[in-house]
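Undergrad: sharing a sequence plus its predicted fold:
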Amino acid sequence: MLSRVIVIKTALLIVLLGAPLLAQDSPGRKAPSVTMSPVPLEAIVLGKPGVVDLHFRVASGFHVNSNSPSEEYLIPTALKLDAPTDIVIGGITYPPGEDVSFPFAPDQKLNVYSGDITIAVLVRPLSSVLPGRYAIHGQLKYQACDNAACYPPKKLPVDFEVKVSKAPTAARKNPGQSPNVH
C-alpha cells in the first residue's frame, strides 16, 4: 500500500512540475528565451567612467521578472559581470519593470520585463590601466514565464569589449604678452 502511495505522489509531482518542462520540448511549441544584441566597441577615457548599454530581447509571448520583482519568492533578472584587473564596474542600472496581471493570478500585479530591455553598465578604468581593448564577461540570470507557466531559470552569457584610451592632451595656450617686455 505504501509503495502505491509513493507511485501516485511521484506521478502527481511529474504532472505538476514536469508538465511545463515537457511542454517546452513539444513540436511547434516556442521555447522561452532572452537574446542579447551585439555591443559596439565603447571607447572610454583612462580614469573616467563610461556607460555601456546592453540590449536584450525577451521572446514574444514571454516575460521575465524585473530586477525588483513584486514578491520576494520571484527570481529577479540579474546581471553579474567579471572585469579585468584595474577596470571597475561602477554600477548596473536596470530599467523599471511593468506591473502586469496574468490569468494565473488576476488579482496580483507582477513587475516584469517583456520585449526589448536595456541595462546600463558603468565602466571605469583606473588610471593604472594601459590603453587597449579589454573584454568583460558575465551572465544574465533570468526566469522566463508565459501566461500559463514559468520555466527553469537560465543564464545567458554576456560578453563585450571596451577600448581604453588616454585623455586627449589639452591644447596649450601661449601666455599673454607682458606690457613691460620691449
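TA: Cool, the structure landed. Numbering: from 1, shown residues only.

Undergrad: looks to me like V100 is in a strand.
TA: Yes - counting by DSSP: H, G, I helix; E, B strand; the rest coil, V100 falls inside a strand.

Undergrad: shouldn't it be in contact with L110?
TA: Yes - if you go by CB atoms under 8 Å, V100 and L110 touch, sitting 6.0 Å apart. Every C-beta, even on glycine, is put in place using the N, C-alpha and C of the backbone.

Undergrad: and the helix or strand harbouring P106 with strand 98-102, angle?
TA: Assigned by DSSP states H and E, P106 belongs to strand 105-113. In terms of direction (axes from the mean of the first three to the mean of the last three CA atoms, to 10 degrees), strand 105-113 departs from strand 98-102 by 150 degrees.

Undergrad: within the sheet, what are the partner strands of strand 105-113, with directions?
TA: If you go by DSSP bridges, strand 105-113 pairs up with strand 63-65 (antiparallel), strand 98-102 (antiparallel).

Undergrad: among those, which is the most enclosed?
TA: Neighbour counts (mean count of other CB atoms under 10 Å) averaged over each of the strands paired with strand 105-113 peak at strand 63-65, with a mean of 26.

Undergrad: quick one: contacts of that one?
TA: 34, 58, 74-77, 97, 100, 110-114, 142-146 (CB atoms under 8 Å, 6 or more residues apart in numbering).
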